[in-house]
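Asker: Got a sequence here, can you model it:
(one chain, ligands or ions: 1)
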Amino acid sequence: MVETYFIKTFGCQQNVADSERLESYYASRGFMRAKALEEADVLILNTCVIRDRAEEKVYGMIKSLRTKLKNKSPRMVVTGCLVGAAARVPGGKMMKRLTSRLPDVEFLPIEDVGFEYMPQRAKGKMASIVISNGCNNYCAFCIVPFSRGPERSRPFADILEEAKQAVSAGYTEVLLLGQNVNSYGADFLVEKINEGEEYVLPDGALLKPVMVKHLGRHRIPTLFPHLLERVAQTAGVKKVSFISANPWDFSDELIDVIARHENIDRTLHLPVQAGSDAVLKRMNRWYTRAEYLALIDKIRARVSGVEFTTDIIVGFPGETVAQFEESISLAKRVDFAKTFIAWYSPRPGTAATKVMKDDIPIMEKKRRYTELDAVTYKGKRLYRGKK
Ligand code: SF4
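Answerer: Sure, this is the predicted structure:
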């Protein structure tokens, strides 16, 4: 009898895209998708650990599913960021917690589900295409360098091919995904070519890498402006968006590409995280408030109709009320179309957890959240979820 599977996805759009490949992974092994979670023989949980609450949600869900489905006892598989972080966070505490709290669950590292598994996408206009995975930036609050490992970029030609296939399948919009899309290619460029050399595409085209001032410390090469341009030029692609771009890798060449192609989304997501230089420094974010604002102004001057969305953390260790007010004033100054706000939550392995005290009381974090939300919330124009 054919076994059935059901995938439950937590977290961000990259996890949603990974789950689309998981569909192919299980289909290629002879499984059929179950209509509902309750009916599946194998339940796969693609997990998120960006905040403590997201991690606890996974443990809570498995516990309640065990009770709810005790007569069926499906096989349970946990994949995604929880498995990655447990394997990579130094000290082994997270792995110990995972294996002791989930003793009868199988763990599937998401890296085992490679890009040879073509995504089985939901019906709609937009196809998400992963261009890179992982992060080397080690922002002090962020667990992603552990949960997803070092940044690895997919081959340029494979991404273009996937965009073409998505168009053939009827999708008209493409979302390019990565933790830091605008350093795309740095890993293989540094390994394979010397500075000043060009990158050769399989069709013989030569691309000159763009150098960006990465993390304020050293320049790295990236092909992202070229990749974005090629995807925008792909016949049938009516709109291209990308997340996330980091301020320190946002080159003039990238701005020019956006300005040149009207089918590149004019809503740009540019995470700022904090409005105070002192907080940005403690966060290991390599720009100042003035540099961030100068970048916004430069993009606005060159790209007509552009608007910005952002991420801001409130209650980061040591954030004074005056420093929080700088996040408010920055948000007002930029007039973000949408601000994704999080209150700080310590994550295992991160610098903030290791060397800083989580000293802002939770009620004060919530107060700051509410205050920032009140000045930045713009109704339902961009955010269709329940507020
Ligand atoms: S750039 Fe910073 S916030 Fe973004 S994924 Fe990497 S470490 Fe996390």
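
Asker: Specify the strand with the largest residue count in the protein.
Answerer: Ranked by residue count, the top strand of the chain under DSSP state E comes out as strand 307-314.

Asker: Show me which residues of the next helix or strand after that one are buried.
Answerer: Downstream of strand 307-314, the next assigned helix or strand under DSSP states H and E is helix 321-334. For helix 321-334, a neighbour-count test (16 or more other CB atoms under 10 Å) marks 323-324, 326-328, 330-331, 334 as buried. C-betas here are computed from N, CA, C, even on glycine.

Asker: Could I get the average pLDDT for helix 321-334?
Answerer: The average of the pLDDT scores along helix 321-334 is 98.

Asker: Would you map the strands across the stretch 151-300 of the chain?
Answerer: 152-153, 173-177, 199-200, 206-207, 210-214, 218-222, 239-243, 267-269 (DSSP state E, counting those that start in this stretch).

Asker: tell me the phi and psi of the residue nearest to Tyr171 when sequence neighbours are not counted?
Answerer: Spatial nearest neighbour of Tyr171, chain neighbours left out: Ala127 (3.9 Å); criterion: CB to CB, 6 or more residues apart in numbering. Dihedral pair for Ala127: phi -110, psi 120, per degrees, to the nearest 10.

Asker: Tell me how many other residues crowd Ala127.
Answerer: A count of nearby residues for Ala127, using other CB atoms under 10 Å, gives 23.

Asker: Please name the bridge partners of it.
Answerer: Note on Ala127: beta-bridge partners by DSSP bridges are Val174.

Asker: Just list the residues touching it, thanks.
Answerer: 119, 121, 162-163, 166, 169, 171, 173-175 (CB atoms under 8 Å, 6 or more residues apart in numbering).

Asker: Now render these as TSV, adding distance to Glu371, neighbour count and pLDDT.
Answerer: Below are the contacts of Ala127 laid out as TSV (distance: CB to CB, whole Å; neighbours: other CB atoms under 10 Å; pLDDT from 0 to 100):
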residue	distance to Glu371	neighbour count	pLDDT
Pro119	40	22	95
Arg121	39	18	95
Glu162	42	20	97
Ala163	42	24	98
Ala166	41	23	97
Ala169	45	11	96
Tyr171	40	22	98
Glu173	35	18	98
Val174	37	29	98
Leu175	31	19	98
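
Asker: From the residues you listed, pick the one nearest the ligand.
Answerer: Leu175 (16.9 Å; CB to the nearest ligand atom).

Asker: Would you check that the closest one makes contact with Ser128?
Answerer: Yes - Leu175 is in contact with Ser128 according to CB atoms under 8 Å; the separation is 4.7 Å.

Asker: pLDDT on the longest helix seen in the chain, on average?
Answerer: In the chain, taking DSSP state H as the definition, the longest helix is helix 52-68. Mean pLDDT, helix 52-68: 90.

Asker: Show me the contact partners of it.
Answerer: 8, 10-11, 37-38, 43, 45, 47-49, 74, 76, 78, 82, 101-102, 105, 345-347.
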